[in-house]
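**Student:** Below are the sequence and a predicted model; questions follow.
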Amino acid sequence: MTRSHSDLLWPVERLPDALEQLAQRQGYGRAGGEIAPPAAAVEPSRVWMFALGDRLGVELEPITPLYHELPDVLERAAPCILQVRRDGVPSYLVLLGTRRGKLRLLARDATAVSVQTKTALALLREEQEATVAEVDQLLGGVEMSPRARERARSRMLLQRLGQAQLRTGWIMRPRRTASRRTLLGDIPSLAAGILVSHTLLSLVLAGSFWLLGRAALQAHLETGWFLGWIAVIACAIPLRMLEVWWQGVFSIRLGTLLKQQLLAGTLKLTPDEVRLDGIGRHFGRVAEAEVVEQLAVGGALLAVLSLVDLILAGGILVLGAGGWPQAMVLVLWVVVAFVLARRHYGVQRAWSSARVEITHDLLERMLGHRTRLAQLPLERWHDGEDIRLSSYSEISKVMDRRTMQLTALLRDGWLVLALLTLLPAFSSGTANPSALAVSVGGILLALRAFDEVAVYFQQVSQAAVSFEQIRDLLLAVGRPELESKVPLEMEGGKPTDAASGTLIEARGVTFRHDARTRPVLENCSFQIAQGDRILLEGPSGGGKSTLVSLLTGLRTPQGGVMLLHALDRATFGSSGWRKRITAAPQFHENHVLSGSFAYNLLLGREWPTSPELRTKAAALCKELGLDELIAKMPAGLEEMIGETGWQLSHGEKSRLYIARTLLQGVELVILDESFASLDPETMRVAQRCVLNHAKALVVVSHP
Ligand SMILES: Nc1ncnc2c1ncn2[C@@H]1O[C@H](COP(=O)(O)OP(=O)(O)OP(=O)(O)O)[C@@H](O)[C@H]1O
């Protein structure tokens, strides 16, 4: 059925409806209820789109494809919406996926429609292509076939517009807290496919052993038999290719999922949790994630496949000359394999936690290296290293022993046992050659499986141990996140009548750190009005930074209430609160990330950023007196800074942190001792800039 373009293009006013239907079709989100459309038929703001994603229970990620990337985007980005501009009015194509070389779009009457890729390409590129009308004029004057004209046109357009940016679209993903079924997607069916193809492959191979063995034992090698044997082997080739392909896809999908969940879990940890863990131990745990990914993804599946082989081998042995007794020996040997694997797992646990501790120790030493050089006598630089290394080496030796038992004993032990149990049937001369051939096939299949099992069991045990290290991170994903209850149309603006002028109201706020017996803040009440400029002074350890973390929502008061525009944090949601209040942490808690200067400035805003924001960032840097530094850098705002790049001075970093905070465009800016490292003149300049730009300001400083 052909559909007109207007059937396929969703107008802005129906965007909530389109995204809700898309989410439900994918099984991602929930019904959003009555969601008001954007106020006008213009492209909705990013804040509004993110908030809409929150309401629907999905993640929305903006994409701005280049002209030449569009075919790839259409192929891979679904589910997504892509923007078409006609006469300056935006509307959207809703992409469900691809099927048999065609795109599946959600039409405005909520039906799925198949459309040629070139139709969608033409719609999405229409606006850009209209800017180079001379291409069509040029080709109009040349005689050529319609096909050649089309080819020439697309080549010329690609050359002219290849790097042009198209309009912003949005990719939809399930939330990290979605049900396991949704997150796993097609992973279980891939695993089932691999199991089926592997079982078939093993049966084909067992069949080929049987054919060959029988012919050999009967000394009866006819051409027919031989051709039959080749045909059976040939069947194995496509099955093996299919299995390997599916295994690759399975590993990529599962590995990606694991990484996404880990990142989501890590981001849900509170700063205190990460601090208590220690940076080195935390890093060690994250490094274990890599082990889980590599080993569990490969090893677990292959171990299951080897067990399938062992079950098949058992069945074959029952039919062979050794019969049930030989199958029982196989069962016994499988039990031995599990016992050895369990023992290996025990020692692996001890070895892995020793490894995490040693990583922790190493990182602590690296971080404190300069202090140690300056403060510790030379002979004490390596205190304790030998003891730690020798206990690590002891446990490594035990593990090597257990690994040897697992690899050598299992395989060769099985071969000896299996041949011994076959001996009576063989020596009595009563067994027929077919039965003997079947037994040999079963024994060889089990031999191959034991060979592999020894390796895969080690991998699985290592992965299980590593998994214990990251379990907390994965469990953290499920922690409930406060979701915004502010009406969607008010997202990005002030949610209540701001006539009262009160921005923050704290009443009886109390907070005690976990490790402390007395609260650091007790019954604390204050107000911050819009436009206020407040200096917060107090003695060291008095609780200023703790108060800042409560204001920014990093910590939650244990008593009293903290309101923003007369609403609490539960109403704004965690991210809604953070979007309205930002702090520059103390210097030692802040960080320059390895990336460009511009990236560091606009951290927290959308990236890649808009030209307007970039201009704003450059102007702010000028006001803060950073323009001289940027002029010195060969790549200007694009200069790479951070650990491996241009090293900023203390004062330059401080001003970068101030600019980064101001560029968030929030309602309340908090600067925690941000001026401490500036000389008097630079400090005056920076203060003037901050006073000019912050809508409301709290500066924390020592008296
Ligand atoms: N995670 C924590 N666990 C236990 N105690 C903590 C924790 N964080 C801070 N404290 C303690 O709480 C008190 C207040 O700390 P805070 O950092 O808020 O003080 P401050 O006023 O900002 O100090 P300074 O001016 O020295 O930066 C201090 O005594 C500090 O040791």
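**Tutor:** Looks like it came in fine.
**Student:** For the rest of this, base every contact and every neighbour count on C-alpha atoms.
**Tutor:** Will do.
**Student:** Up against the ligand, what does the protein have?
**Tutor:** Near the ligand, the residues belonging to the chain are 272, 513-516, 520, 539-546 when assessed by Cα under 6 Å from any ligand atom.
**Student:** Please narrow those residues to those residing in strands.
**Tutor:** Members of these lying in strands (criterion: DSSP state E): none.
**Student:** Adding pLDDT and distance to residue 86, write these out as a markdown table.
**Tutor:** Formatted as a markdown table, those follow (pLDDT from 0 to 100; distance: Cα to Cα, whole Å):
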| residue | pLDDT | distance to residue 86 |
| --- | --- | --- |
| 272 | 80 | 51 |
| 513 | 90 | 57 |
| 514 | 84 | 58 |
| 515 | 78 | 61 |
| 516 | 85 | 62 |
| 520 | 94 | 59 |
| 539 | 89 | 61 |
| 540 | 89 | 60 |
| 541 | 89 | 60 |
| 542 | 90 | 59 |
| 543 | 92 | 56 |
| 544 | 94 | 53 |
| 545 | 93 | 51 |
| 546 | 94 | 52 |
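**Student:** Including distance to residue 532, could those residues go into JSON lines?
**Tutor:** Below are the residues of the chain next to the ligand laid out as JSON lines (distance: Cα to Cα, whole Å):
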{"residue": "272", "distance to residue 532": "30"}
{"residue": "513", "distance to residue 532": "29"}
{"residue": "514", "distance to residue 532": "32"}
{"residue": "515", "distance to residue 532": "34"}
{"residue": "516", "distance to residue 532": "33"}
{"residue": "520", "distance to residue 532": "25"}
{"residue": "539", "distance to residue 532": "23"}
{"residue": "540", "distance to residue 532": "24"}
{"residue": "541", "distance to residue 532": "25"}
{"residue": "542", "distance to residue 532": "23"}
{"residue": "543", "distance to residue 532": "21"}
{"residue": "544", "distance to residue 532": "18"}
{"residue": "545", "distance to residue 532": "19"}
{"residue": "546", "distance to residue 532": "21"}
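**Student:** Tell me the helix or strand right after the one helix or strand residue 618 maps to.
**Tutor:** Secondary structure assignment for residue 618, by DSSP states H and E: helix 611-623. Going down the chain from helix 611-623, the next helix or strand is helix 627-632, by DSSP H and E.
**Student:** What residues of that next one count as buried?
**Tutor:** 627, 630 (16 or more other Cα atoms under 10 Å).
**Student:** Now tell me what touches that helix from outside.
**Tutor:** 618, 621, 636, 637 (Cα atoms under 8 Å, 6 or more residues apart in numbering).
**Student:** can you check stretch 180-192 too?
**Tutor:** By Cα under 8 Å, 6+ apart, stretch 180-192 touches 27, 28, 174, 176, 246, 247, 250, 253, 254, 257, 301.
**Student:** Look at residue 94 and give its secondary structure.
**Tutor:** Classification of residue 94 by DSSP: H, G, I helix; E, B strand; the rest coil places it in strand.
**Student:** Kindly export the one helix or strand residue 682 maps to (C-alpha atoms) in PDB.
**Tutor:** According to DSSP H and E, residue 682 maps onto helix 680-693. Coordinates of the C-alpha atoms in helix 680-693 are reproduced here as PDB (Å, rounded to 0.1, in the frame of the first residue of the first chain):
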ATOM      1  CA  PRO A 680      44.000  39.900  43.900                       C
ATOM      2  CA  GLU A 681      43.600  41.400  40.400                       C
ATOM      3  CA  THR A 682      42.400  38.100  38.700                       C
ATOM      4  CA  MET A 683      40.100  37.500  41.700                       C
ATOM      5  CA  ARG A 684      38.500  41.000  41.100                       C
ATOM      6  CA  VAL A 685      38.000  40.200  37.400                       C
ATOM      7  CA  ALA A 686      36.500  36.800  38.200                       C
ATOM      8  CA  GLN A 687      34.200  38.100  40.900                       C
ATOM      9  CA  ARG A 688      32.900  40.800  38.600                       C
ATOM     10  CA  CYS A 689      32.200  38.100  35.900                       C
ATOM     11  CA  VAL A 690      30.400  35.800  38.400                       C
ATOM     12  CA  LEU A 691      28.300  38.700  39.700                       C
ATOM     13  CA  ASN A 692      27.300  39.600  36.200                       C
ATOM     14  CA  HIS A 693      26.200  36.100  35.200                       C
END
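**Student:** tell me what the helix holding residue 618 is packed against?
**Tutor:** Helix 611-623 sits against helix 597-601, helix 650-662, helix 680-693, with contacts defined as 3 or more Cα pairs under 8 Å, 6 or more residues apart in numbering; DSSP states H and E.
**Student:** I'd like those helices as a markdown table, with mean neighbour count appended.
**Tutor:** Compiled in a markdown table, the helices and strands packed on helix 611-623 are given as follows (neighbours: other Cα atoms under 10 Å):
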| stretch | mean neighbour count |
| --- | --- |
| helix 597-601 | 23 |
| helix 650-662 | 22 |
| helix 680-693 | 15 |
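**Student:** residues contacting the most centrally placed residue in the chain?
**Tutor:** Nearest to the geometric centre of the chain sits residue 260, at 2.4 Å (Cα atoms, centre = their mean). Residues in contact with residue 260 (Cα under 8 Å, 6+ apart) are residue 176.
**Student:** How confident is the prediction for it, by pLDDT?
**Tutor:** As summarised for this prediction, residue 260 has a pLDDT of 88.
**Student:** Which helix or which strand is home to it?
**Tutor:** Assigned by DSSP H and E, residue 260 falls in helix 223-268.
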